[in-house]
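Novice: Pasting the sequence and the predicted model now:
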2 protein chains.
Amino acid sequence: MRSVSIIGVGCTKFGERWDVSLRDMVAEAGVLAIDDSNLIGEQIDALYVGNMSAGRFVEQEHIGALIADCAGLSRLHIPSTRVEAACASGGLALRQGVLAVASGYHDIVIAAGVEKMTDVSSGTAADALASAADREWECFFGATFPALYAMMARLHMRRYGTTHDQMAQVAVKNHHHGCLNPIAQYQMEITLDDVDRSPMVSDPLHVLDCSPISDGAAAVVLAPTEIARKFADTPVRIVGSGQASDTLALHDRRDITTLDATVHAAHSAFGQAGIEPKDIDVAEVHDCFTIGEILAIEDLGFVEKGQGGKAAEEGITALGGRLPINTSGGLKACGHPVGATGIKQAYEIALQLRGEAGKRQVEDAEFGLAHNVGGSGGTAIVHIMSR
Amino acid sequence: MRSVSIIGVGCTKFGERWDVSLRDMVAEAGVLAIDDSNLIGEQIDALYVGNMSAGRFVEQEHIGALIADCAGLSRLHIPSTRVEAACASGGLALRQGVLAVASGYHDIVIAAGVEKMTDVSSGTAADALASAADREWECFFGATFPALYAMMARLHMRRYGTTHDQMAQVAVKNHHHGCLNPIAQYQMEITLDDVDRSPMVSDPLHVLDCSPISDGAAAVVLAPTEIARKFADTPVRIVGSGQASDTLALHDRRDITTLDATVHAAHSAFGQAGIEPKDIDVAEVHDCFTIGEILAIEDLGFVEKGQGGKAAEEGITALGGRLPINTSGGLKACGHPVGATGIKQAYEIALQLRGEAGKRQVEDAEFGLAHNVGGSGGTAIVHIMSR
């Protein structure tokens, strides 16, 4: 099994991108990543793209051929593969790209992610997103994603004494981080009061506990580690890749305050990397709702089960804390163009490990982790990277 | 790079399956394949599933987690990945499964494909299928898939003298093969006259030149070749896997009577296999329309460019001919549940190489080929298998 490194990264501005189409965004992110890796198009062997639901958002499937085409690479006839695991589609594209290089089938592979969500009404977007849950046994009975995560939050509050202020602190922190990130959708500070006073979506989750509807694309370039330095001064090595599944429906789970898929994916990734959670210096985790970040840092092994809320409250997970989480602003403030999110996480971790994260740089970061979740935890993907 | 073999196969009946859901079909095909490989569920390391548009057909994305769940494997938390390349989604799932085993990340992998297309109106189905073409530059201007293939057919007729009777002969042959296949959607003989008298869809293509809307699922189990005989008496080795892309829109191609993606994917697969087209004993090719089979056998190198129609007319591609094509009945008669088709092709070739194809058995078949196309040729995937 060959070792794989990231030799280039690129990401568009996230937000309500009325100015561009899905094609434009993929091309922009791809060109940025190719430029960053000092490649020319002819050196690319294969493409992987994560996209959740272009079929419903922009009435277009066959996204693999589309991105090869709009990146000007169709004349090379290289393999181009779309993967989907709901909100974990980006992380899945990264993983399949890693496997493609590790397998020896391909050398230089681009893993990209994209979603254009704002070309439909918000009702249509919410319904498309609901297709990440169990349509027959959850959505048809009225469940939405805020409702599912609200149930997780309620039980976490009752069982561990987690408070809504602790959840709100996650939003406050991630908005602060977002202010330091030029690609973030929301570059504005918020307060605990702002979160509390924002409209209730599904008790206890307010609007400001939720990640937004976003447009965006991101891309990373992968190569076998043994040749990575031919392209990049500071390649970022992928030292662990874990992927796990769970029941699609929340009500079938062993415990709804733990995402077992995260636990299993993390176990697999840490096992490959040969390190422990305490060795991680910076992490991007899946904060689709504020409770999501609290569950993630527990399930990844960064804090004891039940201590995630307290960690947010005490500033451990803020820039300057012991383990800065979501320095990009996370899904909450950087935005959540579904298929792009997992690749944007890898982009952020790569910048941190290269020492190029500007005002949000974590000093001397050696190991970073990216954690991407599909649906309410039916899929989880964890990547560990090192300088 | 590890060699990969198929150690078990399973396929549901194809057709209008009002009696079952997408979940039911996946579970049925999966259980058949697992039984055939003498495995128990706990030995499975990973799942790949090809599905084009469950988001539009049954309002469900996140198909990887869904199939792990409905196969009863979610408690194992194994990675489960959905891939999509329109009508080539099944072939793509096979290829990604092959890469996963070749990479050393996984040992026992199931590659499955599924589509449930009949739960929506035919207009909705046609619109979902149109998302495999270039929505912005083809569909918005009125192009449908029959129209795109009709243009290919028209130019092929003008340039090479191909006749509609030659195309119709493809349908007549594939319906005859379908009569010998218990899983085929259509098990009825048709004549050249039947094709000619069937309603015109897009000149020169009649209804009986077109593959149908279908429901179905198929699965194959993959393992490293070095351990394949522990599970199967007659493992089928995958000796070549090729994947290629092209422009999404037909009008951007160099030549619309050649699918360059097929040419490149075949070149790659034959190169790996170290054999030539003349060494192939049986092949399943992508006959979404009758002209599709004619293009395929030319672009795969079985006959000279322009001689595909003549090959059909002379019976070369029929059972008993020099190179039997689409012994399953092809997409035309066996049916075309989009995501399942590429896996069903591998299922048929595996049966042929194992000598288990019953009344449609090709004697002493040693090398078989499966060829799966997405859209009008934006993606092509070719697998070569051997005893």
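Specialist: That came through, no problem.
Novice: nearest residue to the residue of the stretch 251-387 of chain A found nearest chain B other than its sequence neighbours?
Specialist: Relative to chain B, the nearest point of the stretch 251-387 of chain A is A:Gly378 (3.2 Å; C-beta to the nearest C-beta). No exception for glycine: its C-beta is placed from N, CA and C like everyone else's. Leaving aside its sequence neighbours, A:Gly378 sits nearest to B:Ala65 (C-beta to C-beta, 6 or more residues apart in numbering or on different chains; 3.2 Å).
Novice: Just grab the bridge partners of A:Val373 for me.
Specialist: Beta-bridge pairing for A:Val373 (DSSP bridges): A:Ala380.
Novice: show me what contacts it?
Specialist: By C-beta atoms under 8 Å, 6 or more residues apart in numbering or on different chains, the contact set of A:Val373 is A:Cys87, A:Ala88, A:Leu259, A:Ala261, A:Thr262, A:His286, A:Cys288, A:Gly292, A:Ala296, A:Thr379, A:Ala380, A:Ile381.
Novice: before we move on, what SS does the nearest residue to A:Thr162 once chain neighbours are set aside have?
Specialist: Closest residue in space to A:Thr162, ignoring its immediate chain neighbours: A:Gly309 at 3.8 Å, by C-beta to C-beta, 6+ apart. Classification of A:Gly309 using DSSP: H, G, I helix; E, B strand; the rest coil returns helix.
Novice: likewise A:Leu148?
Specialist: Judged by three-state DSSP, the three-state class of A:Leu148 is helix.
Novice: what number of residues lie near it?
Specialist: 24 (other C-beta atoms under 10 Å in any protein chain shown).
Novice: That one and A:Asp134 touch, don't they?
Specialist: No - here A:Leu148 lies out of contact with A:Asp134, judged by C-beta atoms under 8 Å, at a distance of 9.8 Å.
Novice: Now do the end-to-end distance for stretch A:49-63.
Specialist: In stretch A:49-63, first residue to last residue: 8 Å (C-alpha to C-alpha, to the nearest Å).
Novice: How about it and chain B, any contact?
Specialist: Yes - judged by C-beta under 8 Å from any C-beta of the partner chain, stretch A:49-63 and chain B are in contact via A:Met52, A:Ser53, A:Gly55, A:Arg56, A:Val58, A:Glu59, A:Gln60, A:Glu61, A:His62, A:Ile63.
Novice: Of these, just say which sits nearest to B:Val236.
Specialist: The closest of the residues of stretch A:49-63 next to chain B to B:Val236 turns out to be A:His62 (C-beta to C-beta; 28.8 Å).
Novice: ok, that closest one - contacts?
Specialist: A:His62 sits in contact with A:Arg82, B:Glu84, B:Ala85, B:Ala86, B:Ser131, B:Ala132, B:Ala133, B:Leu248, B:Gly374, B:Gly375, B:Gly378, B:Thr379, where contact means C-beta under 8 Å, 6+ apart.
Novice: same check, this time on A:Gly55
Specialist: A:Glu61, B:Ser53, B:Gly55, B:Arg56, B:Ala128, B:Ser131.
Novice: among those residues, who's most crowded?
Specialist: Going by other C-beta under 10 Å, A:Glu61 tops those with 33 neighbours.
Novice: Please, which helix or strand holds it?
Specialist: Of the helices and strands defined by DSSP states H and E, none includes A:Glu61.
Novice: tell me, what residue is most central in chain A?
Specialist: A:Gly342 (3.1 Å; C-alpha atoms, centre = their mean).
Novice: Relative to A:Ala112, how far out is it?
Specialist: A:Gly342 sits at a distance of 10 Å from A:Ala112 (criterion: C-beta to C-beta, to the nearest Å).
Novice: A:Ile349 too?
Specialist: 16 Å.
Novice: Output the contacts of A:Val373 in CSV, with secondary structure and neighbour count appended to each entry.
Specialist: Listed next are the contacts of A:Val373 as CSV, based on DSSP: H, G, I helix; E, B strand; the rest coil; neighbours: other C-beta atoms under 10 Å in any protein chain shown:
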residue, secondary structure, neighbour count
A:Cys87, strand, 31
A:Ala88, coil, 35
A:Leu259, coil, 29
A:Ala261, helix, 31
A:Thr262, helix, 29
A:His286, coil, 30
A:Cys288, coil, 25
A:Gly292, helix, 28
A:Ala296, helix, 28
A:Thr379, strand, 34
A:Ala380, strand, 33
A:Ile381, strand, 32
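Novice: and those residues as JSON lines, adding pLDDT?
Specialist: Converted to JSON lines, these look like this (pLDDT from 0 to 100):
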{"residue": "A:Cys87", "pLDDT": "98"}
{"residue": "A:Ala88", "pLDDT": "98"}
{"residue": "A:Leu259", "pLDDT": "98"}
{"residue": "A:Ala261", "pLDDT": "98"}
{"residue": "A:Thr262", "pLDDT": "98"}
{"residue": "A:His286", "pLDDT": "98"}
{"residue": "A:Cys288", "pLDDT": "98"}
{"residue": "A:Gly292", "pLDDT": "98"}
{"residue": "A:Ala296", "pLDDT": "98"}
{"residue": "A:Thr379", "pLDDT": "98"}
{"residue": "A:Ala380", "pLDDT": "98"}
{"residue": "A:Ile381", "pLDDT": "98"}
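Novice: quick one: which of the residues you listed is nearest B:Tyr48?
Specialist: A:Thr379 (13.2 Å).
Novice: which residues does that closest one contact?
Specialist: Contacts of A:Thr379 (C-beta under 8 Å, 6+ apart): A:85-86, A:88, A:92, A:243-246, A:261, A:373, B:62, B:64-65, B:80.
Novice: remind me which residues of chain A are low pLDDT?
Specialist: Residues of chain A meeting the criterion pLDDT under 70: none.
Novice: at 90 what do you get?
Specialist: A:1, A:41, A:70-74, A:120-124, A:126-127 (pLDDT under 90).
Novice: so where do the strands sit in it?
Specialist: Listed in chain order, the strands of chain A (DSSP state E) span A:4-11, A:46-50, A:80-84, A:109-116, A:200-202, A:205-206, A:215-224, A:236-245, A:282-284, A:367-374, A:379-386.
Novice: List the strands paired with the first one, with their directions.
Specialist: Pairing partners of strand A:4-11, with direction, according to DSSP bridges: strand A:215-224 (antiparallel), strand A:236-245 (antiparallel).
Novice: Please identify the most buried of those.
Specialist: strand A:215-224 (a mean of 30; mean count of other C-beta atoms under 10 Å in any protein chain shown).
Novice: Now that strand - C-alpha only, PDB.
Specialist: The C-alpha trace of strand A:215-224 is given here as PDB (Å, rounded to 0.1, in the frame of the first residue of the first chain):
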ATOM      1  CA  ASP A 215     -22.400  27.300  -2.600                       C
ATOM      2  CA  GLY A 216     -18.800  26.300  -3.000                       C
ATOM      3  CA  ALA A 217     -16.100  24.000  -4.300                       C
ATOM      4  CA  ALA A 218     -12.800  22.800  -3.100                       C
ATOM      5  CA  ALA A 219     -10.000  20.600  -4.500                       C
ATOM      6  CA  VAL A 220      -6.800  18.800  -3.400                       C
ATOM      7  CA  VAL A 221      -4.200  17.200  -5.500                       C
ATOM      8  CA  LEU A 222      -2.900  13.800  -4.300                       C
ATOM      9  CA  ALA A 223       0.400  12.000  -5.200                       C
ATOM     10  CA  PRO A 224       2.400   9.100  -4.000                       C
END
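Novice: Perfect, that will be all.
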